[in-house]
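Participant: Starting from these lines, generate the structure:
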Amino acid sequence: MAIIVSFVCAFFFPAWYNASWYLFYLLGLFTVIDAFLLFLHKNQIIGNRKTPEKFSNGDDNEVFLSIENGYGFTCSIKIIDEIPFQFQKRDFQINRKIKAGTTKQLKYFLRPTERGVYTFGALNFYASSPIGLVAKRYRFSVANSLPNYPSYLQLKKYELMAFSNNLVQYGIKKVRRIGQTMEFEQIKEYVQGDNIKNINWKATAKKNALMINQYQDEKSQNVYMIIDKGRVMQMPFNGLSLLDYSINSALALANIIIKKQDKAGLLTFAKRTENWVKADKRSGQMQLLLENLYQIKTNFIESDYSRLYADVNRNIKQRSLLLLFTNFETLDGLNRQLPYLKGLAKNHKIIVLFFKNTEVEDFKIKKAETVQEIYDKTIAEKLSFEKRLIVNELRKYGISTVLTKPENLTLESINKYIEIKAKGVL
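Facilitator: Prediction:
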């Protein structure tokens, strides 16, 4: 550009004409030198990409890049990685300077929001010398594909919750145990702090020492996670659908259920019930649940609760805890399904987990300045109030509920499970 400006100015000031040609030749010389430095030797830049074996849906997943500079000078590197098309990042670019003879490790994060297979393309480096007039492209064919599974990173995050003594930092509530619904474990000698109500007088008389019955949490209870995959679950929040929030939460919750020595099971429903996984706690149960959760596909139809009611009663004979992940936006929508929920509640302990509309909640707190905004805010208040009416309607029939923001679903579902176990109401 400077050369062009110089020649234009030479038209008005002829004395600059010769100087402009000197600048042009000088530029050409430096371009040749720059190209000579970059193209004299092959394979002076070596790059590689390292991805996880699988993506974790809805989480920030790390992708690592390795760059080795074999040149004898510091290189400016422009990195263009051909990331999967699902991310729709057409301007993805990283710029770095790499010192001579060194290797640099970089990482960036990708947040997938759709389950499925993600395919990376080639890794492209554009290397420039300190002169910066020419760039040489290095292309590395490191294409690879990896599946995007339900959030296993979230699973690991909450894995120790079942045994942690500091659950409050995660938002998990401590619940005082009510009543006596524990299994007998052993008879032991009394120590200070034991519940005197559990003293075993026969054993005390026989041993001539104060003996007490020791109990443990009741184990091997059936817990089924039921996921609605109908059209009501397709509403997106922060890139993830309500269905995917439910899938991620179900996986993390199943891990804690099994850690607590209960049996975790799964089924999904829309027009019919699918993805049946019988409640169990065997070693391969988590992998079986993960594979089934990964395969769940959306049905853009209204879910059939009558079919759910019939299939649950036919296939789940033992009283179980049923955690139903669904969504109700209106009281009329609930009333259509309420007879079937009441029917399930007769034989099982059922918890309905559904979602606050966070966009409506945020809109409620905004200050209205126009007549239209006042009208919109009134509608938002009505929608929010109807959600609370749904909660009251379900509780009226003894059906427990969790109304939560989508991003808090995992914490709230774990809270509810721990609460049920602590109160022994199953």
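Participant: When you work out contacts or count neighbours from here on, use the C-alpha atoms and nothing else.
Facilitator: Will do.
Participant: Tell me who's in contact with W201.
Facilitator: 210-211 (C-alpha atoms under 8 Å, 6 or more residues apart in numbering).
Participant: hmm, try it at 10 Å
Facilitator: W201 sits next to 207-213 when contact means C-alpha atoms under 10 Å, 6 or more residues apart in numbering.
Participant: do the same with N222
Facilitator: 257, 262-265, 278-281, 316, 318-322, 426.
Participant: Nearest to N195 among those residues?
Facilitator: L426 (23.2 Å; C-alpha to C-alpha).
Participant: Now the two most distant members of the contacts of W201.
Facilitator: Counting by C-alpha to C-alpha, the most remote pair of these is N208 and N213, 15.4 Å apart.
Participant: Which of the two has more residues huddled nearby?
Facilitator: N213 (20 against 10; other C-alpha atoms under 10 Å).
Participant: V63 versus the closest residue to the more buried one other than its chain neighbours, what's the distance?
Facilitator: Using C-alpha to C-alpha, 6 or more residues apart in numbering and skipping residues adjacent in sequence, the residue nearest N213 is I187, 4.6 Å away. Taking C-alpha to C-alpha, to the nearest Å as the criterion, I187 is separated from V63 by 54 Å.
Participant: Equivalent analysis for S283, please.
Facilitator: 30 Å.
Participant: Among these two, which residue is more densely surrounded?
Facilitator: A direct count of neighbours by other C-alpha under 10 Å for S283 and V63 places V63 higher, at 14 against 9.
Participant: and the more buried one, what is it in contact with?
Facilitator: 49-52, 106-110.
Participant: where in this structure is pLDDT low?
Facilitator: 1-22, 160-186, 193, 214-219, 426 (pLDDT under 70).
Participant: Got the domain ranges for it?
Facilitator: 45-149, 152-176+218-423, 184-216 (automatic domain parsing).
Participant: out of the ones you listed, nearest to L27?
Facilitator: domain 45-149 (9.0 Å).
Participant: Give me the distance from that closest one to the chain's centre.
Facilitator: Distance of domain 45-149 from its chain centroid, counting by C-alpha atoms, centre = their mean, to the nearest Å, is 24 Å.
Participant: Stretch 249-261 now?
Facilitator: Per C-alpha atoms, centre = their mean, the centroid offset for stretch 249-261 relative to its chain is 15 Å.
Participant: switch to numbering from 192
Facilitator: Done: numbering now begins at 192, and the last item shifts to stretch 440-452.
Participant: Can you show me the CA trace of it as PDB?
Facilitator: Presented in PDB, the C-alpha positions along stretch 440-452 are these (Å, rounded to 0.1, in the frame of the first residue of the first chain):
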ATOM      1  CA  SER A 440     -29.000 -34.700  35.300                       C
ATOM      2  CA  ALA A 441     -30.300 -38.300  35.000                       C
ATOM      3  CA  LEU A 442     -26.700 -39.500  34.400                       C
ATOM      4  CA  ALA A 443     -25.200 -37.700  37.400                       C
ATOM      5  CA  LEU A 444     -28.100 -38.800  39.600                       C
ATOM      6  CA  ALA A 445     -27.800 -42.400  38.500                       C
ATOM      7  CA  ASN A 446     -24.200 -42.400  39.600                       C
ATOM      8  CA  ILE A 447     -25.100 -41.200  43.100                       C
ATOM      9  CA  ILE A 448     -28.000 -43.700  43.300                       C
ATOM     10  CA  ILE A 449     -25.700 -46.600  42.600                       C
ATOM     11  CA  LYS A 450     -23.000 -45.200  45.000                       C
ATOM     12  CA  LYS A 451     -25.700 -45.100  47.700                       C
ATOM     13  CA  GLN A 452     -26.300 -48.800  47.000                       C
END
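Participant: quick one: which of the contacts of V254 has the most company?
Facilitator: Neighbour-wise, the contacts of V254 (other C-alpha under 10 Å) top out at R240, 21 neighbours.
Participant: got a list of what it touches?
Facilitator: Taking C-alpha under 10 Å, 6+ apart, one finds 254-258, 272, 296-298, 311, 313-314, 331-335 in contact with R240.
Participant: try it again with 7 Å
Facilitator: Each residue near R240 by C-alpha atoms under 7 Å, 6 or more residues apart in numbering is listed here: 255-257, 333.
Participant: What of T222?
Facilitator: Applying C-alpha under 7 Å, 6+ apart, the residues near T222 are 324-325.
Participant: In three-state terms, how would it be classified?
Facilitator: helix (DSSP: H, G, I helix; E, B strand; the rest coil).
Participant: Nearest the geometric middle of the chain, what residue?
Facilitator: G249 (3.6 Å; C-alpha atoms, centre = their mean).
Participant: For the stretch 392-541 of the chain, just list every one of the helices.
Facilitator: 392-398, 433-450, 476-485, 496-506, 522-538 (DSSP state H, counting those that start in this stretch).
Participant: and those helices as JSON lines, adding distance to D282?
Facilitator: Output for the helices of the stretch 392-541 of the chain, formatted as JSON lines (distance: least, C-alpha to C-alpha, whole Å):
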{"stretch": "helix 392-398", "distance to D282": "76"}
{"stretch": "helix 433-450", "distance to D282": "27"}
{"stretch": "helix 476-485", "distance to D282": "30"}
{"stretch": "helix 496-506", "distance to D282": "46"}
{"stretch": "helix 522-538", "distance to D282": "43"}
